[in-house]
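Trainee: Return a 3D structure for these sequence lines:
(chains A, B, C and D)
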Number of protein chains: 2
Amino acid sequence: MIKVSKQVDYAVQLLRALSKLKEGEFLSLRKFSKESTISFLFLQRIARSLKAAKIIDASRGIHGGYYFVLDPKKINMKQIVDAVDGNFGITACLRGQPCEREKTCTNKDIFHKMNIQVEQMFLETSII
Amino acid sequence: MIKVSKQVDYAVQLLRALSKLKEGEFLSLRKFSKESTISFLFLQRIARSLKAAKIIDASRGIHGGYYFVLDPKKINMKQIVDAVDGNFGITACLRGQPCEREKTCTNKDIFHKMNIQVEQMFLETSII
DNA sequence: GTATATCATACTTAGCAAGTATGTTATTCC
DNA sequence: GGAATAACATACTTGCTAAGTATGATATAC
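Mentor: Purely as a prediction, here's the structure:
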């Protein structure tokens, strides 16, 4: 199984909604949660990760919400994975996690090569 | 998080060990389990999946074991994922699983395109 | 000052990949 | 024939962690 997390999925949906805003407009998570049916609290965590990565920014208060900082077209999928999941890698080993079978493993080379290719593809994929 | 399952990881390790056998030789899972430190029972399930996919075959009895049917060089990563995980897709939706947010989802196109690229790369990656 | 937005941290749940248990059937060798 | 050891088959349990929840603080607009 090779798969993308729901956090990344939801992050992209949110960013695509934000990319449709006009200059000076905000989108609140409460509103987006209703439109998308994605859990409001789960969206909060994702949005803050994206803000920490300086992809979006927020305005507080009654008419506040999130908005894009940079040009949405220049944001790629690798940036989203980095921001939301904190790391990138198709195996635990490539994500820097300890591996109990490190000594006997014969797959380091093949997964390393594949990881480079997946990473490159993510880099080249604009979220818009 | 984009990742490959341990089943696929272990399947590739097993296949690489089998690819080193000479004509007419077998490798038992008991032996490979000791070498690799991978659970014997878990390996059994994986090996039977690979056999069902006609990638390897088995000989029973006291000196039996598994062996490659085809040329190991012609086996690619997509075949392994199909054999071991039963399907291929970077999202639940692309794996044919029902999605509760199908109607509001705005990511079908982007993940579909990415899936094609990942799939292509897996097809082009030989396990050797 | 009230309403509503984000900010921050901690906790719970649930799905399923990963691993385990147990018994059956086939083949080799003595 | 029978012991040993291989794969075959199915069902069950565990444990990780992604996913979702709870609660309260802080900021801004009107």
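
Trainee: Can you work out which other helices and strands pack against the helix or strand where A:D109 lies?
Mentor: Under the criterion of DSSP states H and E, A:D109 resides in helix A:108-124. Packing partners of helix A:108-124 (3 or more CB pairs under 8 Å, 6 or more residues apart in numbering or on different chains; DSSP states H and E): helix A:77-85, strand B:2-4, helix B:108-124. In this view, the C-beta of every residue, glycine as well, is placed from N, C-alpha and C.

Trainee: Enumerate the positions of that helix that are buried.
Mentor: For helix A:108-124, burial by neighbour count (16 or more other CB atoms under 10 Å in any protein chain shown) applies to A:I110, A:F111, A:M114, A:N115, A:Q117, A:V118, A:E119, A:M121, A:F122.

Trainee: Greatest separation within those: which pair is it?
Mentor: A:I110 and A:F122 (18.7 Å; CB to CB).

Trainee: Excluding covalently adjacent residues, which one is nearest to the residue most central in space within chain A?
Mentor: Nearest to the mean C-alpha position of chain A, by CA atoms, centre = their mean, lies A:I80 at 2.7 Å. Excluding the flanking residues, the one nearest A:I80 by CB to CB, 6 or more residues apart in numbering or on different chains is A:A11, at 5.2 Å.

Trainee: tally of neighbours for the one you found?
Mentor: 28 (other CB atoms under 10 Å in any protein chain shown).

Trainee: per-residue confidence averaged over the helix or strand harbouring it?
Mentor: For A:A11, the element it lies in under DSSP H and E is helix A:6-19. Helix A:6-19 carries an average pLDDT of 94.

Trainee: Tell me the helices and strands packed up against it.
Mentor: Other helices and strands packing on helix A:6-19, by 3+ CB pairs under 8 Å, 6+ apart, are helix A:29-36, helix A:40-52, strand A:65-68, helix A:77-85.

Trainee: so A:N87 touches A:G96, yeah?
Mentor: Yes - judged on CB atoms under 8 Å, A:N87 makes contact with A:G96 at a distance of 6.6 Å.

Trainee: With neighbour numbers in mind, choose between these two.
Mentor: Using other CB under 10 Å as the criterion, A:N87 and A:G96 rank with A:N87 on top: 11 against 8.

Trainee: that's a helix at the more buried one, yeah?
Mentor: No - using DSSP: H, G, I helix; E, B strand; the rest coil, the secondary structure at A:N87 is coil, not a helix.

Trainee: ok, now which ones touch it?
Mentor: A:R95, A:G96 (CB atoms under 8 Å, 6 or more residues apart in numbering or on different chains).
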